[in-house]
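Chemist: return atomic coordinates for the entry below.
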Amino acid sequence: MAKLGYPFTLGVASGEPLPDGVILWTRLAPEPLHPTRPGGMPNQTMTVHWQVAEDRAFARVVQAGTAAANPDWAHSVHAEITGLRPGTEYFYRFSVDDHTSPVGRTKTAPDPASTDPVRFGVVSCQRYEHGYFTALRHLADEVPDVILHLGDYIYEYGKPAHPAPGRYVRRLEPEAECRTLGAYRDRHARYRMDADLQAAHAAAPWIALPDDHEVRDGYSGRLPGDGSSPGAFLKRRTAAFKAYFEHLPLRDRPQGANLRNHRLRAYGKVVDFVLADTRQYREGRDLLGPEQEQWLTDRLDASTARWKVLAQAVFFAPRRFPAGSLSADAWDGYPESRARVLAHAPDGLVVLSGDVHNAWAGDLRSDWADPGSKALGVEFAGTSVTSMPGEVDSGAVLESNPHLAFFDGRRGYMSCTAAADRFQADYRAVDFVDRPGASVSTIARFQVVGNKLRHVDL
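Modeler: Numbers count the residues shown, from 1 in each chain. Modelled structure (predicted):
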């Protein structure tokens, strides 16, 4: 075999932290967009070495081992590391032949008895052609304990025939819409070549959840939303989920067209992250599917953490627009599902959402029209990293929805702190994404008090 070119062009990542371990990820790809061989790799399994250390210089290596990079999975590596200490920072790297990867930082989840604060970032909706991922670089600089990604990690769209101004800032490569495994792999590789995205993955472990664009815009369960047959769509979904797994530090491999995304990630006594899939199990007017809904409500009922964070992709609370329309693709289209979940709302419920490409915040109430009704929790909806929104008359929407308290239309992310005595969400924004170099600022800060939103002056 010819000498392998530098294979770590897509960076490194860690994810799915537990108190005793994490998943370490990389993918061997000396030529990420090679037209015939995925990643420009030979069609053979490679042995990849990994190391975990207590320091960035690797003077104190605590574990080392090997993992197989198989061509059937695009030479991706998902090394499951166990036996680590809870709530502890570690550094990791990979090597193959005489090549060594960049160094990544990770951190295990805290001990189940821990009451230490948890610092985490929340991101979603990073459309490559819409701009630069500067917000992710700023989030990396904050070195959080963990980063939640709430969907639309990639966009499957091809290049439009006539791009709108500011909507084709960076060139897609390849430019066609993703429909096949090769196309989804190339789209993920194009994104993973981005230095800012690599920095965010190398800075902290991720817990990721797909929305629709990882597969197809607006898909609903087994229905593609474009008139094609369910059978053909499930083949497409199989390809999309496989490529998604190949490029993220996930624990569970997809099983054909199915990928288990709902899961619980516990962070001591302070926060339970309860992740729900709001796309894969839709049927009729049921958003979650009976099995996942039962799992979710059981987790909410059983949680003893101070904060129960329901992390999912789409807007949870009602949003009535001036013309009387609703966001039917979000929970507004599934009000019975929302009501059943809220019937199990525990004390300390915080819902996180993405998808809408703008920042929103509001209260969850037993009666949406009555500001004096029982407070059930709060929702923080994050803006997009780059994806541009449609036009929103924010003043009219806020006036029509008394439970909503905040809107901002800039790009960015959320930086949150969960502690035994408080939950705080900072909305962080960049001023532009059409070129590199934007600075970041905190544009709003909220805390949760008595299951209600409280604005905090900056």
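
Chemist: got the domain boundaries for this structure?
Modeler: Using automatic domain parsing, the domains assigned to the chain come out as 1-109, 111-455.

Chemist: let's have the ones you listed in TSV, adding mean neighbour count and mean pLDDT.
Modeler: Where you see a C-beta, it was placed from the backbone N, CA and C, and this is true even at glycine. TSV is the format used below for the domains of the chain (neighbours: other C-beta atoms under 10 Å; pLDDT from 0 to 100):
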stretch	mean neighbour count	mean pLDDT
domain 1-109	18	98
domain 111-455	19	97
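
Chemist: how far away is Ser220 from Val392?
Modeler: 23 Å (C-beta to C-beta, to the nearest Å).

Chemist: residue boundaries of the helices in the stretch 301-450 of the chain?
Modeler: Per DSSP state H, counting those that start in this stretch, the stretch 301-450 of the chain carries helices over the ranges 335-342, 394-400.

Chemist: to Val378, which of the ones you listed lies closest?
Modeler: Ranking the helices of the stretch 301-450 of the chain by proximity to Val378 (C-beta to C-beta) places helix 335-342 first, at 12.5 Å.

Chemist: follow-up on the earlier one: need the helices of the stretch 301-450 of the chain in JSON lines (columns: distance to Gly289).
Modeler: Formatted as JSON lines, the helices of the stretch 301-450 of the chain follow (distance: least, C-beta to C-beta, whole Å):
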{"stretch": "helix 335-342", "distance to Gly289": "9"}
{"stretch": "helix 394-400", "distance to Gly289": "30"}
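
Chemist: Ala420 is nearest to which of those?
Modeler: Closest approach to Ala420 among the helices of the stretch 301-450 of the chain is made by helix 335-342 (24.7 Å; C-beta to C-beta).

Chemist: off-centre distance for that closest one?
Modeler: 23 Å (C-alpha atoms, centre = their mean, to the nearest Å).

Chemist: for it, C-alpha coordinates in CSV please.
Modeler: Only the C-alpha atoms of helix 335-342 are listed here, as CSV (Å, rounded to 0.1, in the frame of the first residue of the first chain):
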residue,chain,number,x,y,z
PRO,A,335,-51.0,20.2,20.5
GLU,A,336,-52.2,16.9,22.0
SER,A,337,-48.6,15.6,22.1
ARG,A,338,-47.5,18.8,23.8
ALA,A,339,-50.4,18.7,26.3
ARG,A,340,-49.5,15.1,27.3
VAL,A,341,-45.9,16.0,27.9
LEU,A,342,-46.8,19.0,29.9
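
Chemist: to Ser101, which of the helices of the stretch 301-450 of the chain lies closest?
Modeler: Of the helices of the stretch 301-450 of the chain, nearest to Ser101 by C-beta to C-beta is helix 335-342, at 41.3 Å.

Chemist: ranges for the helices of the stretch 51-200 of the chain?
Modeler: Going by DSSP H, counting those that start in this stretch, the stretch 51-200 of the chain shows helices at 134-141, 181-192, 195-203.

Chemist: follow-up on the earlier one: of all the helices of the stretch 301-450 of the chain, which one is nearest Ser76?
Modeler: Of all the helices of the stretch 301-450 of the chain, helix 335-342 comes closest under C-beta to C-beta, at 34.1 Å.

Chemist: tell me who's in contact with Tyr157.
Modeler: By C-beta atoms under 8 Å, 6 or more residues apart in numbering, Tyr157 lies in contact with 177, 213, 217.

Chemist: no no, Val392
Modeler: 358, 407, 409.

Chemist: adding distance to Asp332, write those out as CSV.
Modeler: Converted to CSV, the contacts of Val392 look like this (distance: C-beta to C-beta, whole Å):
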residue, distance to Asp332
Asn358, 16
Phe407, 17
Gly409, 20
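
Chemist: look up how far Arg190 lies from Ala13.
Modeler: Distance from Ala13 to Arg190, by C-beta to C-beta: 16 Å.

Chemist: wait, Thr383
Modeler: 23 Å.

Chemist: same check on Phe8?
Modeler: Applying C-beta to C-beta, the value for Phe8 to Arg190 is 16 Å.

Chemist: then Ala405?
Modeler: Distance check for Ala405 against Arg190: by C-beta to C-beta, it reads 38 Å.

Chemist: cool, His34 as well?
Modeler: 13 Å.

Chemist: what of Tyr168?
Modeler: 14 Å.

Chemist: likewise for Asp55?
Modeler: Applying C-beta to C-beta, the value for Asp55 to Arg190 is 33 Å.

Chemist: mind naming the longest helix for the protein?
Modeler: helix 230-246 (DSSP state H).

Chemist: angle of that helix against helix 181-192?
Modeler: Helix 230-246 runs at 40 degrees relative to helix 181-192, counting by axes from the mean of the first three to the mean of the last three C-alpha atoms, to 10 degrees.

Chemist: and of the helices of the stretch 51-200 of the chain, who's closest to Ala305?
Modeler: helix 134-141 (23.8 Å).

Chemist: quick one: that closest one to helix 195-203, angle?
Modeler: 20 degrees.

Chemist: which strands and helices sit next to helix 134-141?
Modeler: strand 118-123, helix 195-203, strand 411-419, strand 422-430, strand 440-449 (3 or more C-beta pairs under 8 Å, 6 or more residues apart in numbering; DSSP states H and E).
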